[in-house]
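J.: turn this into a model:
(one chain, ligands or ions: 2)
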Amino acid sequence: MVRYRVRGGNALRGTAFIQGAKNAVLPMIGAALLAPKGRTVLRNVPIIEDVRRAVELAESIGAYVELHESERTLVIDASRVNSPVLPAEIARRFRGSVLFTPALLHRLGEAIVEGVGGCNLGSRNLDFHYLGYKRLGAIVDEGETVIHVKAAGLTGATLYLDTPSHTGTENLIMAAALARGTTVIENAALEPEVLDVIDMLTKMGARISGGGTGFITVEGVEELHAVEHTVMPDRLDAGVFAMAAALTGGEVSLVGTGLDLGVVRYKLEQMGVEFHRQGAVLHVRCDGPLRPINIITDTYPGFATDLQSPMMTVAALAEGTSYIHERIFDGRFALAGELNKMGANVEVDGSRAIVRGRTPLKGAEVTAHDLRSGIALVLAGLAAEGETVIDSGYLIDRGHAHLAARMRALGADITREISER
Ligand SMILES: CC(=O)N[C@H]1[C@@H](OP(=O)(O)OP(=O)(O)OC[C@H]2O[C@@H](n3ccc(=O)[nH]c3=O)[C@H](O)[C@@H]2O)O[C@H](CO)[C@@H](O)[C@@H]1O
Ligand SMILES: C=C(OP(=O)(O)O)C(=O)O
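T.: Residues are numbered from 1 along each chain as shown. Ligands and ions are numbered 1, 2, ... in the order given. Below you'll find the model as predicted:
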């Protein structure tokens, strides 16, 4: 059992080093498995639990993987991939397991998906993925728990996503990259992580156009080859450190090449947080009271649902009433009850939450129900009086690398503990 213990009250000051993006590296590991020869090198890899699970999953299907932690580098040799089974005990522990399916289809002609995990956020359907594979010529047998996808070669087709699914877009691009002929994906996701994956696939020899427009065209090629690629910075990790500076009344410099916080920056600015860019470094400071805010989550370039929970903590510390409308997931307000245990006043009504601030937060024993509610509770702990203990820390470790060490370097009083329970 991992738990985080936070004693609040310290303003965070200093330089925060932003990790590589979880939601880019996971599809990139899936992409590396498409190369039948050679070694892929991924740099700026975040050392998070989801990456460890992805390494275990890749090894379980026969890939040779080296994770060089201090160099934040992964080396992947997929030449010996030999098992189509994504075993339940690994695959159910993270969402990224779904991104291994296209490689198995192309390399072995079938994928047996014994489960897909990820944060518990309400319904998380995969119908666009499987409908897309079917349109490309695969046979999909959806059992109660195991999904069997088979294809003796895929053929390009026109695909349409009802909503621009992030991993759905990545999976269908990877499936189309080695299909015969041309595939068009309409209503494709626009997230920067998807564009980074397209960049990597393009280096590998894929022919993809239209990334970032919502209409992606993929011309199938015969083979993809192993390449070196540097994972983009994690905008969610950056958003969390910006919020940590804001709600502790601190001043933090975010280091991460080409970092763009987009709408998160504008929303925090509306709340009174100051941003100042100096070349590749983004400075964040806040020394006045926070103003309330309205947030509507949306696909990119809208406000990222993954930062909705951390923003709820910031809103609880703002002077006045904030409104949050969650439009991506139907079960992403588990944080509210935990924040209320700490003294916040959050009222949830369906997909909307009203946050009445500012209420003084007090340390408490609280539960992370998913990765982002976990990090939101860490933020609450930084601003609370007394000690906050957050269980299960594993969920936080799924997406944030060396969190306690990076926050301690900024002056936070936070420890990561491992117990037997
Ligand atoms: C590993 C990874 O990249 N995870 C991210 C990815 O998850 P993920 O790719 O799972 O999220 P999606 O964009 O697919 O899902 C968004 C919404 O679309 C619905 N949907 C999706 C696919 C489908 O086939 N049918 C369907 O109905 C889902 O139920 C959900 O309500 O994007 C989410 C939304 O930005 C982020 O919160 C996750 O951090
Ligand atoms: C929902 C998330 O991740 P996953 O899709 O990996 O569960 C997240 O990163 O907040």
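J.: can you pull the residues of the stretch 251-400 of the chain lying near ligand 1?
T.: 305-306, 328-329 (CB under 6 Å from any ligand atom). (Each C-beta comes from the backbone N, C-alpha and C, glycine too.)
J.: most neighbours, which of the residues you listed?
T.: Scoring those on neighbours with other CB atoms under 10 Å, the highest-scoring entry is Asp306 at 24 neighbours.
J.: how about the secondary structure of it?
T.: helix (DSSP: H, G, I helix; E, B strand; the rest coil).
J.: residues contacting it?
T.: By CB atoms under 8 Å, 6 or more residues apart in numbering, the contact list for Asp306 reads 236, 372.
J.: pretty sure Arg124 is touching Ile328, no?
T.: No. Between Arg124 and Ile328 there is no contact under CB atoms under 8 Å: 10.1 Å.
J.: got a pLDDT number for the residue nearest to Asp397 when sequence neighbours are not counted?
T.: Excluding the flanking residues, the one nearest Asp397 by CB to CB, 6 or more residues apart in numbering is Glu49, at 4.6 Å. In this model, Glu49 is scored at 97, pLDDT.
J.: what's the answer for the one 4 residues further on, then?
T.: On pLDDT, Arg53 comes in at 97.
J.: low pLDDT regions in the stretch 151-300 of the chain?
T.: Scanning the stretch 151-300 of the chain for pLDDT under 70 picks out 257.
J.: doesn't Glu193 lie inside a helix?
T.: Yes. Looking at Glu193 with three-state DSSP, it is inside a helix.
J.: the closest residue to it other than its chain neighbours in helix, strand or coil?
T.: Computed as CB to CB, 6+ apart, the closest residue to Glu193 that is not its neighbour in sequence is Ala24, at 4.0 Å. Classification of Ala24 using three-state DSSP returns helix.
J.: same question, Asp330
T.: From three-state DSSP, the assignment for Asp330 is coil.
J.: for it, what are its contacts?
T.: Asp330 neighbours (CB under 8 Å, 6+ apart): 121-123, 351.
J.: hmm, 10 Å instead?
T.: Asp330 makes contact with 121-124, 350-351 under the criterion CB atoms under 10 Å, 6 or more residues apart in numbering.
J.: please apply the same query to Gly109.
T.: 84, 138, 149-153.
J.: I figured Asp370 was touching Gly331, is that so?
T.: Yes. Counting by CB atoms under 10 Å, Gly331 is a contact partner of Asp370 at 9.3 Å.
J.: so what's the residue in the stretch 151-300 of the chain that ligand 2 sits nearest to closest to, chain neighbours aside?
T.: Across the stretch 151-300 of the chain, the shortest distance to ligand 2 (CB to the nearest ligand atom) belongs to Leu236, at 6.7 Å. Nearest non-adjacent residue to Leu236, counting by CB to CB, 6+ apart: Asp306, 5.0 Å away.
J.: give me the nearest residue to the residue most central in space within the chain, chain neighbours excluded.
T.: In the chain, the residue lying closest to the centroid (CA atoms, centre = their mean) is Asn23, at 4.0 Å. Spatial nearest neighbour of Asn23, excluding adjacent residues (CB to CB, 6+ apart): Glu193 at 4.5 Å.
J.: what's the neighbour count on Leu247?
T.: 27.
J.: just Asp162 next, same as before
T.: Around Asp162 there are 11 residues (other CB under 10 Å).
J.: find the nearest non-adjacent residue to it, please.
T.: Nearest non-adjacent residue to Asp162 (CB to CB, 6+ apart): Phe128, at 6.7 Å.
J.: do the helix or strand hosting that neighbour and ligand 2 meet?
T.: Using DSSP states H and E, the element containing Phe128 is helix 127-135. No. No part of helix 127-135 sits near ligand 2 under the criterion CB under 6 Å from any ligand atom; the closest distance found is 13.3 Å.
J.: show me what the helix or strand following that helix pairs with in its sheet, parallel or antiparallel.
T.: The C-terminal neighbour of helix 127-135 among helices and strands, as given by DSSP H and E, is strand 139-142. Here strand 139-142 has these sheet partners by DSSP bridges: strand 147-150 (antiparallel).
J.: kindly confirm whether my reading is correct that Asn44 touches Val51.
T.: No. The pair Asn44 / Val51 is not scored as a contact, 11.5 Å apart, by CB under 10 Å.
J.: neighbour count: those two, which is higher?
T.: Val51 (27 against 20).
J.: the more buried one - that's part of a helix, no?
T.: Yes. Assessed with three-state DSSP, Val51 lies in a helix.
J.: what separation do you get for the residue nearest to the centre of the chain and ligand 1?
T.: 4 Å (CB to the nearest ligand atom, to the nearest Å).
J.: no further queries at this time; thank you.
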